[in-house]
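K.L.:
sequence below, structure please.
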Amino acid sequence: MTERSEWQFIVDYVKDSTTDFCNATCRSQLMALWTACCMHNDLCVDTKMYDATLFDLWLAVSLERRRALRIFRFSEFDSWMSQWLV
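P.N.:
Prediction:
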């Protein structure tokens, strides 16, 4: 899978109407997809490229889905998404 198609898969996942972030499995799947993407593309936590890419993903997550995740600030999203990478 190319970097672009892997990225698009994650964006599509967070926008998919069947993805329910109230469900722990869906939350874990998002973290797993992000972790794999970072490993495949050599994105290291707390680098400019990592932060920019994660911020783009944050913007793709709707307010409704952020509520389901119980994450309202980018800094919380950053901490949560990086926990399997550090």
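K.L.:
leaving out sequence neighbours, find the closest residue to the residue most central in space within the chain.
P.N.:
What sits nearest the mean C-alpha location of the chain, by CA atoms, centre = their mean, is Trp34, with 5.1 Å. In this structure, Trp34 finds its nearest non-sequential neighbour in Met81, 5.3 Å apart by CB to CB, 6 or more residues apart in numbering. Placement of C-beta: from N, CA and C, glycine included.
K.L.:
surely Phe21 is in contact with Leu69?
P.N.:
Yes - with contact defined as CB atoms under 8 Å, Phe21 counts as touching Leu69 (4.8 Å).
K.L.:
between those two, which contacts overlap?
P.N.:
Shared contacts of Phe21 and Leu69 (CB atoms under 8 Å, 6 or more residues apart in numbering): Arg27.
K.L.:
now do the residue nearest to the centre of the chain against Thr19, distance only.
P.N.:
Distance, Trp34 to Thr19, using CB to CB, to the nearest Å: 13 Å.
K.L.:
just the helices in this protein please.
P.N.:
3-15, 24-40, 48-60, 63-69, 74-82 (DSSP state H).
K.L.:
mind telling me which of those the model trusts least?
P.N.:
Least confidently modelled of these is helix 3-15, at a mean of 92 by mean pLDDT.
K.L.:
for it, buried residues please.
P.N.:
Residues Trp7, Ile10, Tyr13, Val14 are the ones in helix 3-15 that count as buried (16 or more other CB atoms under 10 Å).
K.L.:
give the other helices and strands that it contacts.
P.N.:
Helix 3-15 sits against helix 24-40, helix 48-60, with contacts defined as 3 or more CB pairs under 8 Å, 6 or more residues apart in numbering; DSSP states H and E.
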